[in-house]
Structures are given as C-alpha cells and as structure tokens.
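Trainee: Sequence plus the predicted model coming up.
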Amino acid sequence: MRDDTLSFRDHVAAYFKARPGQWIDLLELGRVGGCYAARTRISEVRRELGFQIDWRKRRVENAAGGGVHVVSEYRYSPSQPADRLF
C-alpha cells in the first residue's frame, strides 16, 4: 500500500534501497514511480539523493519465437551512502 505523503521520487528511492544490487526492470519501476515518469524519478534519486544507480539494456528473445525485444533495467549499488533518504 502506498503512503501518499511521500513523493514518487521517495517511493522509487525506497524501492531501490530495499533491493540493493538487484536489477529492476523499468516497467516494474514505472508501477512504483509513475509509468510515464519513471526515468525522471530515477534521475531525481541519483541527483537529489546521491544514489549510485547503474543502467543496462538487454536484448531478449520472445518466448514464442516472435523476435527480440529490449529490456531496460536499473540497479542500486550502495557503494555510496544513501542516508539522505527522506
């Protein structure tokens, strides 16, 4: 359940902080930070809160053999302290 007193940025930051080192699909982050603004929220978490967030894209074959699609993923690497959360 979402706490509406927190911003979308803070929800994305908390989501990353709960999953250090784990690659998270952009679509999943969109459900947390707003589907049309997820990249902006990720940028805010980097810039405003100082999180080290890595990005990668992968080409994945569709299970039904219908070609390839690209998956965009992000990972929080807590090598830098993220104590400024909230």
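Mentor: Cool, the structure landed. This one's a predicted model, so the numbers in the text were calculated from it and none came from an experiment. Numbering: from 1, shown residues only.
Trainee: CA only for contacts and neighbour counts going forward, please
Mentor: Noted.
Trainee: got the buried residues for the lengthiest helix in the chain?
Mentor: In the chain, assigned by DSSP state H, the helix with the most residues is helix 38-49. Buried residues in helix 38-49, counting neighbours by 16 or more other Cα atoms under 10 Å, are found at Ala38, Arg39, Arg41, Ile42, Ser43, Glu44, Val45, Arg46, Leu49.
Trainee: Then stretch 16-35?
Mentor: By neighbour count, and taking 16+ other Cα under 10 Å as the criterion, the buried residues in stretch 16-35 are 16-17, 21, 23-27, 29-30, 32-34.
Trainee: returning to what we had before: mind putting the buried residues of helix 38-49 into TSV with pLDDT and distance to Ser72?
Mentor: Listed next are these as TSV, based on pLDDT from 0 to 100; distance: Cα to Cα, whole Å:
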residue	pLDDT	distance to Ser72
Ala38	93	12
Arg39	93	10
Arg41	95	15
Ile42	96	13
Ser43	96	14
Glu44	95	18
Val45	96	17
Arg46	95	17
Leu49	95	22
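Trainee: Need the pLDDT of the residue of the chain most remote from its centre.
Mentor: In the chain, the residue that sits farthest from the middle, by Cα atoms, centre = their mean, is Gly65; the gap is 28.1 Å. What the model reports as pLDDT for Gly65 is 74.
Trainee: Got phi/psi on it?
Mentor: Backbone torsions for Gly65, taken as degrees, to the nearest 10, come to phi 70, psi 20.
Trainee: State the distance from it to Val71.
Mentor: Taking Cα to Cα, to the nearest Å as the measure, Gly65 and Val71 are separated by 16 Å.
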